[in-house]
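Student: The amino acid sequence is not available; the structure is as follows:
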């Protein structure tokens, strides 16, 4: 393999104003991925909460650049084949999450 680009990445555990403990992957100042808040009663918050009940090793991170959501999402998990089969089956058959709004809140300033 040939290295085309390299980042110094920091993984942080942050606490929001509302008390949620979330993972943050910082690529550079002002550019990071923030874990979806499972406590939020929104389309993605409810979906993430339900996914985490069955697949605790699954994570969703929203890209934030210059204090704005970019609309890009990083999602993944380390699963066995049987687990991913169950995961895909559950996602494909459930449309309950569509009743929730797609709410993007203001980004909180990071305090070091």
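Tutor: Great, that's in hand. This one's a predicted model, so the numbers in the text were calculated from it and none came from an experiment.
Student: any weak-confidence spans in this protein?
Tutor: 91-106, 110-112 (pLDDT under 70).
Student: Next, give phi and psi for residue 30.
Tutor: Main-chain dihedrals, residue 30, degrees, to the nearest 10: phi 80, psi 0.
Student: Strands of this structure, residue ranges please.
Tutor: 10-15, 21-28, 31-35, 59-65, 68-76 (DSSP state E).
Student: Would you mind putting the ones you listed into CSV with mean neighbour count and distance to residue 82 alongside?
Tutor: For the C-beta atoms, the positions are set from N, CA and C on the backbone; glycine is no exception. Listed next are the strands of the chain as CSV, based on neighbours: other C-beta atoms under 10 Å; distance: least, C-beta to C-beta, whole Å:
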stretch, mean neighbour count, distance to residue 82
strand 10-15, 12, 28
strand 21-28, 15, 26
strand 31-35, 20, 25
strand 59-65, 18, 20
strand 68-76, 12, 17
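Student: and of the ones you listed, who's closest to residue 45?
Tutor: strand 59-65 (10.0 Å; C-beta to C-beta).
Student: in its sheet, what does the closest one sit against?
Tutor: Here strand 59-65 is paired, per DSSP bridges, with strand 31-35 (antiparallel), strand 68-76 (antiparallel).
Student: hmm, back to that, okay, the strands of the chain in a markdown table with distance to residue 3 next?
Tutor: Formatted as a markdown table, the strands of the chain follow (distance: least, C-beta to C-beta, whole Å):
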| stretch | distance to residue 3 |
| --- | --- |
| strand 10-15 | 19 |
| strand 21-28 | 16 |
| strand 31-35 | 20 |
| strand 59-65 | 22 |
| strand 68-76 | 20 |
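Student: out of these, nearest to residue 88?
Tutor: Short answer: strand 68-76, nearest of the strands of the chain by C-beta to C-beta, at 12.9 Å.
Student: Next, the angle from that closest one to strand 21-28.
Tutor: Interaxial angle of strand 68-76 relative to strand 21-28 (axes from the mean of the first three to the mean of the last three C-alpha atoms, to 10 degrees): 110 degrees.
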